[in-house]
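1. need a structure here:
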Amino acid sequence: MTTTERLIKKYPNRRLYDTAESRYITLDEVRQMVLEEIPFKVVDRQSNEDITRNILLQIIMEQESGGEPLFSADVLSRFIRNYGEAAQSGFAEYLETSLRFFTEQQKTVHEQMGKVLEGTPMDYWMKLGEQNMKAWQDMFTASGGRKKDR
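-> Model prediction:
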């Protein structure tokens with residue numbers, strides 16, 4: 001099954017419009033698309049310019065401003081120093097390779113932990129919890145994703 005890239009248009013009023021679902025969405029919903037690995041592209045409604053990177057950076061900025069930041073001031077300073085340097089492309093390739101490796105390692109650890117827990121009472125409760133979460137999500141989606149007024 002091939003997943004097509006969803007088109008999101010950013011309007012001058014800073015609102016994001018998901019053309020696949022024919023509705024306005026929030027930055028948090030775009031973040032959720034990233035987490036769910038749903039391919040998308042964000043374009044400026046007036047200029048048709050691809051602004052996907054800008055939106056992703058905006059999501060990172062929101063994440064960094066709340067809670068425990070991922071990037072220290074030192075790490076951000078190092079990023080800035082690598083811009084414009086001859087080694088910028090090598091640095092970008094290194095980061096991409098490192099992140100891909102980290103993601104693969106996380107997936108492997110998750111799979112191995114699943115095998116260790118398989119057949120144990122903990123496995124039963126985890127699977128039951130996952131089923132319950134899926135049922136709640138399905139119910140939420142079926143209700144149009146909004147709370148009902150009483």
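2. Leu95 versus the residue nearest to the spatial centre of the chain, what's the distance?
-> What sits nearest the mean C-alpha location of the chain, by Cα atoms, centre = their mean, is Val34, with 2.7 Å. Per Cβ to Cβ, to the nearest Å, Val34 is found 17 Å from Leu95. (Glycine included, C-beta is placed from N, CA and C.)
3. likewise for Glu85?
-> Glu85 is 14 Å from Leu95, by Cβ to Cβ.
4. do the same with Ile8
-> 25 Å.
5. who has more neighbours, the two?
-> Ile8 (24 against 12; other Cβ atoms under 10 Å).
6. in the protein, what residue spans correspond to strands?
-> Remark: strands assigned in the chain by DSSP state E are 6-10, 16-18, 23-25, 40-44.
7. Val109: which of the ones you listed is closest?
-> Among those, the nearest to Val109 by Cβ to Cβ is strand 40-44 (28.0 Å).
8. what sits against Asp138?
-> If you count contacts by Cβ atoms under 8 Å, 6 or more residues apart in numbering, Asp138 has none.
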